[in-house]
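Engineer: no sequence for this one, just the structure:
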């Protein structure tokens with residue numbers, strides 16, 4: 001994968017807590033990533049967009065971003081403790 005795509009993937013994955021705060025599942029997360037790509041990287045080819053989306057989702061899955069409560073998901077615990 002080209003270095004710029006890896007940088008885009010890493011940036012979006014790093015910002016996932018903020019970008020995907022309202023995403024309840026993978027489908028919604030993919031839609032948000034697509035929106036980010038449309039606004040911030042409009043010249044990416046459809047093939048490169050697909051690589052970025054799948055790369056971001058893979059990282060988030062590896063980190064347990066989509067695991068439900070009771071799982072090993074630190075992100076849920078952090079969000080649950082905010083704003084209170």
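Structural biologist: Alright, I've got the coordinates. Keep in mind the model is a prediction, meaning the values are calculated, not measured.
Engineer: Now residue 12: which helix or strand?
Structural biologist: Residue 12 is part of helix 3-14, with elements assigned from DSSP states H and E.
Engineer: Which of the residues in the longest helix seen in the chain are classified as buried?
Structural biologist: In the chain, with assignment by DSSP state H, the single longest helix is helix 46-62. By 16 or more other Cβ atoms under 10 Å, the buried positions in helix 46-62 come out as 48-49, 51-53, 55-57, 59-60. Every C-beta, even on glycine, is put in place using the N, C-alpha and C of the backbone.
Engineer: for it, what is the average pLDDT?
Structural biologist: Helix 46-62 shows a mean pLDDT of 95.
Engineer: Show me how far it is from its chain's centre.
Structural biologist: 8 Å (Cα atoms, centre = their mean, to the nearest Å).
Engineer: Go ahead and name everything in contact with it.
Structural biologist: 1-2, 5-6, 8-10, 12-13, 16, 20, 26, 29-30, 33-34, 37, 41, 44, 66 (Cβ atoms under 8 Å, 6 or more residues apart in numbering).
Engineer: Residue 29 sits in which helix or strand?
Structural biologist: Short version, using DSSP H and E: residue 29 is in helix 26-40.
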